[in-house]
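1. 3D, please:
(2 chains)
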Amino acid sequence: MFEGVGRRSSDAEGSFLDIGHNSLNGYERNVLFRNEGDGRFVEVGWVTGSDRVEDGRGMAVADLDGDGRLDLVLRNYRSAAGILRNRGPRGSDAHWVVLDGLPIGSRVRLEAGGRTQVRSVRAGSGFLSSGSPRVHFGLGDATRIDRIEIVEPTGRTRVRKGVPVDRILRLGLVDPEVAERDAEPDPATAAGE
Amino acid sequence: MGRLRVGLETCVILLLVAAPSGAVTWEEVREGRIDPLNSMLHAHIPEMLAERDLHGIGRFYAKPLRAEAVARYRAILDGIPEIDRADLRIDRVGWDRESEAGFPASVRLLVRGRGPGGELVQLEESRRLRVRFYDPFWEITEERVDRKSTVERRRPRFDWRTASAGVREVHANDASPPFRLFGGERDNPVLQGSGVAVADLDGDGCEDLVLAGSPRLTLHRSLCDGTFRDATAGSGLPSPYPAAASGVVLFDYDGDGRRDLFVAAVAGGDRLFRNVGAPGTGELRFVDVSDAAGIPQRTWSVMPLVADYDRDGDPDVYVVGGGDHESAFPSPSWDALNGTPGALLQNQGDGTFRDVARAAGVASPGWDLAAGWADYDGDGWPDLYVANEFGSNRLYRNEGDGTFSDRAAESGTADGGSGMGVAWGDYDGDGDPDLYVAGMRANSAWALFHPDFPAPLPWWARLLRPFTPEVDRRSHQFIERLTRGSTLYRNEGDGTFSDVSDAAGVRDAQWAWSTEFFDYDNDGDLDLYAVNGFVSGPVEDDL
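-> Numbering: from 1, shown residues only, chains lettered A, B, ... in the order given. Sure, this is the predicted structure:
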C-alpha cells in the first residue's frame, strides 16, 4: 500500500542492502545548472534536453563536431553510451574560441568583451573520466579577443593579442608540422572551424 | 567528550537500513508512519498532479486548506497543461518540533512539461508544510510557498545520439568483483562503473573516444562530423579487457606528439598503452608498455589523472585508490582510511614512472572515488583534491619541493560527505578555481532524523544517548553530511573556501557521479553538469 523507505535485506548473510529488482535513487534525471552570473544557478536539464535518465557514471565534455559548442559524452552504467550534441539555439549564437595543443596544466587567461576568463588544461576530472584537453571559451557577443596569456606548467609564458574568434587556435605539439609552424611568434597558425 | 565516534557500521548505504538495536521499534515506525508520509508526499501527490486529479490531491489537505491548495495546483496545471513528470522531494521533517498542527516539513515540488504554446517548462516551488498524523494516514494542515521559479525554452538545445553517432556501446564491467556492501552476490546490480576519455589520438584534428569497461574497452575514431567508428579491433588494446576497467585518461607521456592511454582498473589491471599509430594515416595502434614503464599493480584503482606536478615538463599521473569493495568494509566506518592508497607516478623522463606518493605525502588512504588537479592558491604549483566515498576528503597543497600537505581542514573543504565526483572551475570569474564535489542526496534522508531511527551508534554512545542530546546532535550532523548532496566550494582567494551550495542552488544534483564545469551556452561563464542515478531496477520504487 505504501511506498517503502529504508527496507533492508535479511536473507543473505553479510548482505547489507539487497537491491534485487528494486531501485535505489534510480531513474534520476541528469542536471544542467545554468550560471546566472550572479552567484546563482538555475537547473535547465529538462528545458535544454540534457536530462538523461540512464544511471550515470562517466561523463566528459568536448566539442565533438567542431561547431564551437561543447557536447557531452555519457558513459552510463549498464546502458548505452551516447552523446548529448549541443546544437545551440536557432539562428545566431554566441562567439567562442578554442585553444588546442597546450601542455596539460597550462593556465589560459583570456580578455575579451571587457571580461577576463581563466581556464586550465586538464586531463582527468569528474568521475572516471577525462574531457577534451582543449581549452574552450565562450565569448558572448565579443567579436575580437584582446589578449590571451598562456602559462605552461614549466613557467613558459606566451601572449597573443588581437585574436579573431570562432576558431580553433592550434598552438602546440599535435604533430611535428604544426609544432614547426607554432614556432612563429604570431597567431597566424589560427585555423578555422 | 571529545570527538564522538559515530560508528556507522559500514557506509552511508546502511543509513537507509535499520541497525540491529531498536530495529523492531523502527520497523513499526517505518511501516506505520514513515512509509505513509512518503507515499502521500513523494508518490501520490505528484502522481495525481500528473494525472490532473485535483480532487484526489485535495483529500490530502485539511478541510480549511483544501480549496486554496487545489487552486494552487490548478494554477500549475494552467501553466503546464502537458505534464511530463512531477516530483515532490522531501527535504526535512522537523520530528522534534511537533505542534498542534503537526510536524513541520520542507519540500520541493518540481514539475516539468509543456506550456500552453508547446514550450518546455520546468517549475520549482519550495514549500513549508505542517503534516499531522491521523493513524494510519497523514494530512497536510498548513502550506506556504516560499519560493517559486519557472524556466522555459521553446526548443531543446541538446540532441541525444547513440547509434546515429556510432557510440552505442552498452556498458558492462563483467570483470568487476561483486560489491560486498550489496550482498557480494554475482547477480547484484552494483559493480564498478566505467568512464570515458576524449582526445585526438590520430592527429587528424578531431577528437576520438575511449570507453572503459570489461570485457569491452573500446576505441572510437572520430569521423570529424560528430560521429564515430569503432576502431577497437586491430588497435592492440586487449579484448577482452582482462580487468574491471574503470577510469581512463589520454596524455603524451613520452613526448612523441601522440597521446597515450592510461587505464585504471580493479585488481591488477592498471595499464599504460603507448600510442604507436602513424599520424595522419587514420591508424590507431597501441602497445602495452606497462611493465617496461614500471606501472605498479594495485588492489583497487579507480581513476587516473594527469598533471606536471613537479613542473619539469613531463606529465605525471595520480591514480586514485578506492576501497576494496570485494572484501573490505570502510574502516573506521565514519571516515574510511583503509582504501588502496593513492599512487603518484612521477614521470622519470625516460619512459618510466616511479610511485612517489608516500614520500610526497599524497598516498591518500580513503575509499577515494575521484580527484582533480588545480592550482587553487595561484602559486603556479598544481594542487590535488581527492574525494572520499566514506568520510573526509583531502586537499593536497603542492609545496613546490616535491611534497604535499593536506589543507582540507584549514581550507574548509574536508566535506566529510559521500564524494563521488570532483570538478574545478572558476564559476564566479574572479580568476581562481572553485570546486564542486558531487555527492549523494538520499531520497529518504528526512526519515533518518526520526528519533526512533536506530542511528548506527557504538554501544557506549547508545548508553549515553538518554542522558545527553549531544549524541543525537552529532549523529544527525553525520547523517546530514553523508546524505545532503553535492557541494560547491567558492575559492575565497586566501587559501580558504566557502560552502555556497544552497545559495547557488546546486546542492541537489541527486545521486551524482561525474560532473564538470563548462560553458554550454558560450556566454562566458561556466555552467555545471552532473550525471546521476545509482540503480534503476525493474521496480521503479526505492527500497
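2. how close does the most centrally placed residue in chain A sit to chain B?
-> By Cα atoms, centre = their mean, chain A has its centre lying nearest to A:Val61, at 3.4 Å. Applying Cβ to the nearest Cβ, to the nearest Å, the value for A:Val61 to chain B is 5 Å. Glycine gets a C-beta too; all of them are placed from N, C-alpha and C.
3. now that residue: how far from B:Asp252?
-> From A:Val61 across to B:Asp252, the span is 20 Å (Cβ to Cβ, to the nearest Å).
4. and what of A:Trp46?
-> 40 Å.
5. Repeat that for B:Ser246.
-> 22 Å.
6. Who has more neighbours out of the two?
-> B:Ser246 (32 against 22; other Cβ atoms under 10 Å in any protein chain shown).
7. what about that one, which helix or strand?
-> Element membership of B:Ser246 [criterion: DSSP states H and E] is strand B:244-251.
8. Any residue of that strand touching chain A?
-> Yes. For strand B:244-251, a contact with chain A is found by Cβ under 8 Å from any Cβ of the partner chain, at B:Ser246, B:Gly247, B:Val248, B:Val249, B:Leu250, B:Phe251.
9. Grab the two from these that are most spread out in space.
-> Spanning the widest gap among the residues of strand B:244-251 next to chain A are B:Ser246 and B:Phe251, at 17.0 Å by Cβ to Cβ.
10. Restricting to C-alpha, output the strand ranked longest in chain B in PDB.
-> In terms of residue count, the longest strand belonging to chain B (DSSP state E) is strand B:137-153. Extracted C-alpha coordinates of strand B:137-153, given in PDB (Å, rounded to 0.1, in the frame of the first residue of the first chain):
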ATOM      1  CA  PHE B 137      -2.900   8.500   7.400                       C
ATOM      2  CA  TRP B 138      -1.200  11.900   7.200                       C
ATOM      3  CA  GLU B 139      -2.800  15.200   6.400                       C
ATOM      4  CA  ILE B 140      -1.400  18.500   5.400                       C
ATOM      5  CA  THR B 141      -2.600  21.100   7.800                       C
ATOM      6  CA  GLU B 142      -0.500  24.100   6.700                       C
ATOM      7  CA  GLU B 143       1.200  25.000   3.500                       C
ATOM      8  CA  ARG B 144       3.200  28.000   2.500                       C
ATOM      9  CA  VAL B 145       5.000  28.600  -0.800                       C
ATOM     10  CA  ASP B 146       8.400  30.100   0.000                       C
ATOM     11  CA  ARG B 147      10.000  30.400  -3.400                       C
ATOM     12  CA  LYS B 148       8.800  29.700  -6.900                       C
ATOM     13  CA  SER B 149      10.600  29.800 -10.200                       C
ATOM     14  CA  THR B 150      10.000  28.700 -13.700                       C
ATOM     15  CA  VAL B 151      12.300  28.300 -16.600                       C
ATOM     16  CA  GLU B 152      11.200  27.700 -20.100                       C
ATOM     17  CA  ARG B 153      12.600  27.300 -23.600                       C
END
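11. Run a quick check on B:Arg354 versus B:Leu345, I expect a contact.
-> Yes. Between B:Arg354 and B:Leu345 there is a contact under Cβ atoms under 8 Å: 7.1 Å.
12. Those two - which one has more neighbours?
-> Taking other Cβ under 10 Å, B:Arg354 and B:Leu345 do not tie; B:Leu345 has more neighbours (26 against 14).
13. all helices for chain B, in order.
-> Per DSSP state H, chain B carries helices over the ranges B:23-29, B:35-38, B:45-50, B:54-58, B:63-79, B:290-293, B:357-360, B:408-411, B:459-464, B:469-483, B:501-504.
14. Same check on chain A?
-> Counting by DSSP H, the helices of chain A are A:45-48, A:176-182.
15. Out of these, name the one with the poorest average pLDDT.
-> If these are sorted by mean pLDDT, helix A:176-182 sits at the bottom with a mean of 38.
16. rewinding a little: of all the helices of chain B, which gets the most neighbours per residue?
-> helix B:35-38 (a mean of 22; mean count of other Cβ atoms under 10 Å in any protein chain shown).
17. can I get the CA coordinates of that helix in CSV?
-> C-alpha atoms of helix B:35-38 as CSV (Å, rounded to 0.1, in the frame of the first residue of the first chain):
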residue,chain,number,x,y,z
ASP,B,35,6.0,5.0,4.7
PRO,B,36,2.6,6.6,4.7
LEU,B,37,4.1,10.1,4.8
ASN,B,38,6.4,9.1,2.0
